[in-house]
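K.L.:
the sequence and its predicted three-dimensional model are supplied below.
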Amino acid sequence: HLASVVDDAELGITHVYRGNDHRANEDLHRRLHEALGTTPPEYVHHGLILGEDGKKLSKRVEGATVASLRELGIPAEAVRGYLEELGLPRHDVHYDLPRIRRLSVDAIEAMSDEELAARAGIPPAAVPVARGARDLAEARDYADQVLQEPEPRPTDAPETLERFRELADADPRAVVRELKAVGGNLRALRLALTGRDRGPALAAILAALPREEALRRVDQALQHTHS
């Protein structure tokens, strides 16, 4: 405490902003300044960001550090937006990672195609499939679903894939609507195109995949089914 007060005096500190957990120190620090004959700074105490357990946020908590947020693929705009919403809280607040994730969706939606491609590290052609991502890491994963050829596997809905072949020249959204209308197995088509049973919107996958490549992947699934 004495060292802190001497430092503030020597450095000419006029304002000290610190967490509510230091509020109890203010009276002691003022009395130390009085004893030293120095002018105390103005003390401003703000609320702390707490973890789910109600304790001071640990660096080990997911998303609690800038490095962790980067690993999660959270755009910087989402983090800044969250901090701006917090402002200088007068009372303690709980860390709201779900809120940051919602702001991440907004930040990605606001990016141009060129910026999203550059920030996610994906080719511009894969941007349509990355548009529905909730963070930059998920955007890269979505792009990989169309950029990486899936391992061919038999399909349990060959009639859906055959119908897709007939519709392949249509607009992707029209293709999905038509397949839904005839009771098509959209999951089977997704598996044939990406090798996964969940991910971005199917229409976005069709928009990002060149027609010839989509047909080739569907044909491979049909061939493995008939062989």
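P.N.:
Ah, there it is.
K.L.:
which residues in the protein form strands?
P.N.:
Using DSSP state E, the strands of the chain run over 15-19, 42-46, 49-50, 93-94.
K.L.:
can I get the ones you listed in JSON lines with mean neighbour count, distance to residue 62 and mean pLDDT?
P.N.:
C-beta coordinates here come from the backbone N, C-alpha and C atoms, glycine included. Shown next, in JSON lines, are the strands of the chain (neighbours: other CB atoms under 10 Å; distance: least, CB to CB, whole Å; pLDDT from 0 to 100):
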{"stretch": "strand 15-19", "mean neighbour count": "13", "distance to residue 62": "22", "mean pLDDT": "94"}
{"stretch": "strand 42-46", "mean neighbour count": "14", "distance to residue 62": "24", "mean pLDDT": "94"}
{"stretch": "strand 49-50", "mean neighbour count": "16", "distance to residue 62": "14", "mean pLDDT": "90"}
{"stretch": "strand 93-94", "mean neighbour count": "14", "distance to residue 62": "14", "mean pLDDT": "92"}
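K.L.:
let's have the ones you listed in CSV, adding distance to residue 179.
P.N.:
Putting those into CSV (distance: least, CB to CB, whole Å) gives the following:
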stretch, distance to residue 179
strand 15-19, 56
strand 42-46, 55
strand 49-50, 47
strand 93-94, 44
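K.L.:
for this protein, give me the ranges with low pLDDT.
P.N.:
Applying pLDDT under 70 to the chain flags residues 226-227.
K.L.:
tally of neighbours for the closest residue in space to residue 65 that isn't next to it in sequence?
P.N.:
Closest residue in space to residue 65, ignoring its immediate chain neighbours: residue 59 at 5.5 Å, by CB to CB, 6 or more residues apart in numbering. The local packing of residue 59 (other CB atoms under 10 Å) involves 8 other residues.
K.L.:
pretty sure residue 59 is touching residue 67, no?
P.N.:
No. Using CB atoms under 8 Å, residue 59 makes no contact with residue 67, being 9.4 Å away.
K.L.:
could you find the closest non-adjacent residue to the most centrally placed residue in the chain?
P.N.:
Geometric centre of the chain, nearest residue: residue 135, 2.5 Å, by CA atoms, centre = their mean. Sequence neighbours aside, residue 73 is the residue nearest to residue 135 in space, at 3.7 Å (criterion: CB to CB, 6+ apart).
K.L.:
just checking, what packs against the helix ranked longest in the chain?
P.N.:
Determined from DSSP state H, the single longest helix within the chain is helix 211-226. The contact analysis (3 or more CB pairs under 8 Å, 6 or more residues apart in numbering; DSSP states H and E) places helix 211-226 against helix 158-167, helix 186-194.
K.L.:
closest to residue 109 out of the ones you listed?
P.N.:
helix 186-194 (22.5 Å; CB to CB).
K.L.:
how about the CA coordinates for the closest one, as CSV?
P.N.:
Output in CSV follows, covering the C-alpha atoms of helix 186-194 (Å, rounded to 0.1, in the frame of the first residue of the first chain):
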residue,chain,number,x,y,z
LEU,A,186,-32.0,-33.1,-47.8
ARG,A,187,-29.8,-34.7,-45.2
ALA,A,188,-28.7,-37.3,-47.8
LEU,A,189,-27.9,-34.6,-50.3
ARG,A,190,-25.9,-32.7,-47.7
LEU,A,191,-23.9,-35.9,-46.9
ALA,A,192,-23.2,-36.5,-50.6
LEU,A,193,-22.0,-32.9,-51.1
THR,A,194,-20.0,-32.4,-47.8
